[in-house]
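Asks: Requesting a structural model of the entry that follows:
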Amino acid sequence: MMILRSQIARISKSSKLSVNLSLRYQSTHINGQSYSRDEFTNAPSSILALTERQLHQQPSHPIGILRSLIENSLNNYQPLTAPSPIVSTYKNFDELEFPEDHPGRSLSDSYYLNKTTMLRTHTSAHECDVFKKGTDKWILTADVYRRDEIDSSHYPVFHQMEGACVWDDTTKNVEKAIEEELHLLEKALAHTNVITEDVTVNNNPNNPYQLSQRPEVSGLIVKHLKMTLNLLVYNLFKHAQNVDAEPLKVRWIEAYFPWTGPSYELEVLWEGKWLELLGCGVMQQRTLERAGMGHKSGWAFGLGLERIAMVLFGIPDIRLFWSTDARFLSQFESGKISKFVPYSKYPPCIKDVSFWVNKPFHENDLYEIIRECSQDLVESVECIDNFVHPKSQRHSLCYRINYRSMDKNLTNEEANDLHASVIENIKKAFNIEIR
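Replies: Now for the predicted structure:
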């Protein structure tokens with residue numbers, strides 16, 4: 001029986017479950033600061049501990065290597081050091097025009113220290129602060145945090161790079177200034193082997209230019225954005241394939257993001273499949289106005305470093321980025337993309353858990369408990385059965401948990417102990433009945 005993830009991914013719209021975070025303590029301590037706790041607190045200690053790892057600051061780590069390559073490609077943009085991952089909900093959402101009912105605000109999707117303070121879910125949380133300092137061209141890399149499913153390509157902490165470029169829209173020469181930069185980009189792209197498929201429409205009614213901006217300027221900004229990112233993607237992927245012999249194919253499609261308009265996504269054809277690389281668009285003028293930059297307009301992009309690094313370095317499991325095993329770390333050196341050589345493939349231990357659901361819960365809450373109990377010893381979790389009893393109408397779910405260590409052999413006895421802990425904790429959290 002095929003189970004559609006959409007049938008179970010949001011068994012309820014939101015959840016106020018806090019994993020392993022009893023409110024018997026009045027505050028959370030992180031990076032030398034104390035934060036009061038309330039009913040929103042849901043960031044577990046295992047996640048808070050990762051705020052100190054700073055993988056993007058390590059020059060010989062794949063994430064740090066990729067960061068440097070992007071900064072070198074965009075060498076006329078100011079690279080910025082990310083501040084603390086702890087931000088206000090206003091900075092993370094409201095300042096960027098997120099609707100009140102946006103799913104990203106839910107406790108099931110984000111990590112909260114309390115009602116007004118959280119771990120950033122994207123680098124855009126620092127956008128306005130950077131612009132307030134008067135920086136017109138910049139790139140910022142940071143660790144970001146989101147509650148998510150468990151598989152080889154998803155992890156609750158990952159790394160984003162945010163980039164932006166703005167011009168003074170009140171000057172008479174703004175169009176000329178952008179056109180001069182476009183000329184330089186055209187010359188650079190003329191020496192690349194890139195085939196671009198652009199299925200977007202200028203000033204699309206469903207993805208329109210902003211009324212507060214002159215359409216001729218918006219059109220130039222969009223063109224500058226696309227050419228800049230086409231060149232960036234080529235400079236990255238030329239390390240992973242012989243693009244001189246075979247053209248690199250990229251594709252632009254329409255998208256929606258609260259903080260840009262119009263908005264786009266960029267994909268690259270990789271091993272026969274289109275791979276989504278980044279989201280971008282013309283910055284919302286209201287966001288620039290909040291930063292005291294209402295007289296300027298421009299573009300912004302955000303990309304996930306892990307997604308690109310997994311392709312370029314050939315890393316099959318996102319958990320490996322967090323490994324401290326020398327067999328992993330010793331394979332990489334600053335400034336160089338080298339293919340990861342697996343040092344071992346330990347056998348999996350497959351365990352199932354079936355239960356009757358007595359009250360709604362969010363699937364991300366289940367994943368959080370499994371992560372807390374297993375400490376990165378789970379490779380994937382999949383719902384393999386979703387059943388409603390025809391007579392009693394009781395709802396049953398069955399999840400398959402794949403226990404596998406990246407660094408050592410996990411015995412069946414050890415997997416049984418982990419699985420018992422998982423079952424005990426989900427029974428307590430969800431008031432379920434094990435089948």
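Asks: contact partners of stretch 170-180?
Replies: With contact meaning Cβ atoms under 8 Å, 6 or more residues apart in numbering, stretch 170-180 is reached by 167-168, 216-217, 220-221, 224, 295. Bear in mind the C-beta positions are built from the backbone N, C-alpha and C, glycine included.
Asks: For that stretch, could you pull out the residues that count as buried?
Replies: 174-175, 178 (16 or more other Cβ atoms under 10 Å).
Asks: If any of the contacts of stretch 170-180 are buried, give me the ChimeraX selection for them.
Replies: In ChimeraX, a selection of the buried entries from those looks like this (16+ other Cβ under 10 Å):
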select :167,217,220,221,224
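Asks: What about the contacts of stretch 170-180, which are in helices?
Replies: 216-217, 220-221, 224 (DSSP state H).
Asks: Now tabulate those in TSV and tack on pLDDT.
Replies: Output for the ones in helices among the contacts of stretch 170-180, formatted as TSV (pLDDT from 0 to 100):
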residue	pLDDT
Glu216	93
Val217	94
Leu220	97
Ile221	97
His224	98
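Asks: tell me which of those is nearest to Leu189?
Replies: His224 (12.1 Å; Cβ to Cβ).
Asks: That closest one reaches Leu182, doesn't it?
Replies: Yes. His224 is in contact with Leu182 according to Cβ atoms under 8 Å; the separation is 5.9 Å.
Asks: And the pLDDT for the residue located most distally from the centre of the chain?
Replies: Within the chain, the residue lying farthest from the chain centre (Cα atoms, centre = their mean) is Lys391, at 42.7 Å. pLDDT, Lys391: 91.
Asks: Figure out the helix or strand that it lives in.
Replies: Under DSSP states H and E, no helix or strand contains Lys391.
Asks: Got the phi and psi for the residue positioned nearest the centre of the chain?
Replies: Nearest residue to the geometric centre of the chain (Cα atoms, centre = their mean): Gly304, 5.3 Å. Torsion angles at Gly304 (phi, psi; degrees, to the nearest 10) stand at phi -90, psi 120.
Asks: just Val130 next, same as before
Replies: According to degrees, to the nearest 10, Val130 has phi -70, psi -40.
Asks: Quick one: low-confidence residue ranges for this protein.
Replies: Within the chain, the ranges that satisfy pLDDT under 70 run 1-25, 241-245.
Asks: can you list the domains in it?
Replies: The record, using automatic domain parsing to delimit domains, assigns the chain the ranges 55-78+158-313+325-329, 344-435.
Asks: that older thread, between the contacts of stretch 170-180, which is nearest Ile139?
Replies: Using Cβ to Cβ, the contacts of stretch 170-180 come closest to Ile139 at His224, 15.3 Å.
Asks: how far away is that closest one from Phe257?
Replies: 18 Å (Cβ to Cβ, to the nearest Å).
Asks: same thing with Asp317?
Replies: Relative to Phe257, and taking Cβ to Cβ, Asp317 is found at 29 Å.
Asks: Same question for Asp168.
Replies: Asp168 is 24 Å from Phe257, by Cβ to Cβ.
Asks: where along this protein do the helices fall?
Replies: Under DSSP H, the chain gives helices at 5-8, 45-49, 62-73, 89-92, 127-132, 174-189, 215-237, 285-290, 305-313, 326-329, 363-374, 412-430.
Asks: how about those, which one is nearest Pro262?
Replies: helix 215-237 (6.8 Å).
Asks: between that closest one and helix 174-189, how big is the angle?
Replies: Angle of helix 215-237 versus helix 174-189, following axes from the mean of the first three to the mean of the last three Cα atoms, to 10 degrees, is 20 degrees.
Asks: which parts of helix 215-237 are buried?
Replies: Neighbour counts using 16+ other Cβ under 10 Å place 217-237 of helix 215-237 among the buried residues.
Asks: ok, now stretch 191-204?
Replies: Quick answer for stretch 191-204 (16+ other Cβ under 10 Å): 192, 194, 196, 200.
Asks: which among the residues you listed gets closest to Ser27?
Replies: Thr200 (48.2 Å).
Asks: Compute the distance between Asn202 and Glu216, please.
Replies: 11 Å.
Asks: close enough to count as contact, Arg327 and Tyr343?
Replies: Yes. Counting by Cβ under 8 Å, Arg327 does reach Tyr343; the two are 4.2 Å apart.
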